[in-house]
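Asks: make a model of this:
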Amino acid sequence: MLDISPALLIITALVFLFLLITLNKILYRPLLEFMQKRDDSIASDYENAGKNSSDVEAYHKEAEQIIREAKAEAGAIRAQAIEAARENMIKKIEQRKAELEEEYTAFLEGLETERTEFKNSLLSHMPQYKESIKAKLNQI
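Replies: Model prediction:
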């Protein structure tokens, strides 16, 4: 019923082998090479992402260090400014104290002069006061 023709069987096998070889060269090898390149590219990108992550972390630490240094420098500048202001205020206070001391000394000298003048005035008017007191006592 079925007749198997050996020539046809050999030709079919040859066509099948030719088709396998052709497809392997044209389709499968380029497709496998593309997939391998894509896998290599993904692995390379993943590795670069890890490097970028470590670079970002290093930059972050460097930025934190710079911020710490800037804060320390700002604190030192602030301390210097406070100390300079304190010294300036101490100088002004000392200068004002000296001025007030001079004014006080001048006031005391003026007061002493006035006291002396008042005493002399009282002494010069002493006879008049005595007579006035005697007159008042006589009236009593």
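Asks: report the central residue of the protein.
Replies: Closest to where the C-alpha atoms of the chain average out (C-alpha atoms, centre = their mean) is residue 71, at 4.5 Å.
Asks: which residues in the chain form helices?
Replies: 6-23, 29-124, 126-139 (DSSP state H).
Asks: re earlier: measure the residue nearest to the centre of the chain to residue 77 for me?
Replies: Relative to residue 77, residue 71 is positioned 11 Å away (C-beta to C-beta, to the nearest Å). C-beta here means a position set from N, CA and C on the backbone, and glycine is covered the same way.
Asks: do residue 28 as well
Replies: Distance, residue 28 to residue 77, by C-beta to C-beta: 72 Å.
Asks: in a markdown table: the helices of the chain, plus mean pLDDT.
Replies: A markdown table is the format used below for those (pLDDT from 0 to 100):
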| stretch | mean pLDDT |
| --- | --- |
| helix 6-23 | 95 |
| helix 29-124 | 92 |
| helix 126-139 | 85 |
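Asks: contact partners for residue 120?
Replies: For residue 120, no contacting residues are found, by C-beta atoms under 8 Å, 6 or more residues apart in numbering.
Asks: what about it, distance to residue 114?
Replies: Remark: distance between residue 120 and residue 114 (C-beta to C-beta) = 11 Å.
Asks: likewise for residue 20?
Replies: Separation of residue 20 from residue 114 (C-beta to C-beta): 134 Å.
Asks: what of residue 38?
Replies: 110 Å.
Asks: equivalent analysis for residue 133, please.
Replies: Taken as C-beta to C-beta, the span from residue 133 to residue 114 is 25 Å.
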